[in-house]
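Student: The sequence isn't on hand, but the structure is:
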């Protein structure tokens with residue numbers, strides 16, 4: 001679910017389903033027709049920063065809007081596996097997903113560079129906190145992005161992680 005404010009939301013999910021509301025959920029409008037997803041791939045990611053909206057998911061599905069979600073274009077994905085999380089900061093975009101794939105674009109998604117992952121388990125969650133970017137994986141590990149390098153935080157692996165939450 002992507003939230004703009006108390007009235008405007010976008011919910012995306014399995015089989016390319018996408019519905020939006022502009023009245024706090026009283027009514028919902030299908031968005032499937034405005035999303036270039038002809039194979040009805042699953043959406044796993046919805047992120048927004050300013051007027052940029054990124055949707056990503058199954059088999060490298062990657063869509064971008066530069067007009068706050070009014071229209072979308074398909075982007076060439078740097079990886080054909082599934083994306084499970086993303087972060088946007090200005091023109092910088094980070095995607096992560098299946099088999100520990102982590103990719104970064106500094107130009108809004110036109111060109112990509114892979115970030116080596118010392119723990120190649122699927123990355124399922126991300127959290128931008130100040131200048132730090134944390135990633136969690138199916139092996140129960142948390143990684144920190146330091147410049148162009150991912151470093152595992154020193155802690156005993158936990159059960160598979162599906163989310164990260166900012167604290168204090």
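Tutor: All right, it came through fine. A quick note: this is a predicted structure, and the numbers were derived from the prediction, not measured.

Student: going forward, measure contacts between C-alpha atoms and count neighbours the same way
Tutor: Noted.

Student: any low-confidence regions in this protein?
Tutor: The model of the chain has pLDDT under 70 over residues 157, 168.

Student: That one: helices as residue ranges?
Tutor: For the chain, applying DSSP state H gives no helices.

Student: The residue nearest the centre of it bridge partners, please.
Tutor: Residue closest to the average C-alpha location in the chain (Cα atoms, centre = their mean): residue 86, at 2.6 Å. Counting by DSSP bridges, residue 86 is bridged to residue 95.

Student: Contact partners for it?
Tutor: 45, 46, 47, 93, 94, 95, 96, 126 (Cα atoms under 8 Å, 6 or more residues apart in numbering).

Student: which one of the residues you listed has the most neighbours?
Tutor: Highest neighbour count within these: residue 96, with 30 neighbours (other Cα atoms under 10 Å).

Student: That one: what's it in contact with?
Tutor: With Cα under 8 Å, 6+ apart, residue 96 has these contacts: 83, 84, 85, 86, 102, 103, 123, 124.

Student: Equivalent analysis for residue 137, please.
Tutor: 100, 121, 122, 123, 124, 125, 160, 161, 162.

Student: Over to residue 49?
Tutor: Residue 49 sits in contact with 88, 89, 90, where contact means Cα under 8 Å, 6+ apart.

Student: Distance to residue 117 and neighbour count added to these, as a markdown table?
Tutor: Shown next, in a markdown table, are the contacts of residue 49 (distance: Cα to Cα, whole Å; neighbours: other Cα atoms under 10 Å):
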| residue | distance to residue 117 | neighbour count |
| --- | --- | --- |
| 88 | 19 | 21 |
| 89 | 21 | 14 |
| 90 | 23 | 12 |
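
Student: Throw those residues into TSV and include distance to residue 55, thanks.
Tutor: Output for the contacts of residue 49, formatted as TSV (distance: Cα to Cα, whole Å):
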residue	distance to residue 55
88	11
89	15
90	16
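
Student: right, and out of these, which lies closest to residue 135?
Tutor: Distance to residue 135, by Cα to Cα, is smallest for residue 88 among the contacts of residue 49, at 13.8 Å.

Student: Now render the contacts of residue 86 as CSV, adding distance to residue 27.
Tutor: Below are those laid out as CSV (distance: Cα to Cα, whole Å):
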residue, distance to residue 27
45, 23
46, 20
47, 22
93, 32
94, 32
95, 31
96, 33
126, 30
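
Student: Residue 13 and residue 46, how far apart?
Tutor: Between residue 13 and residue 46 the computed distance is 10 Å (Cα to Cα, to the nearest Å).
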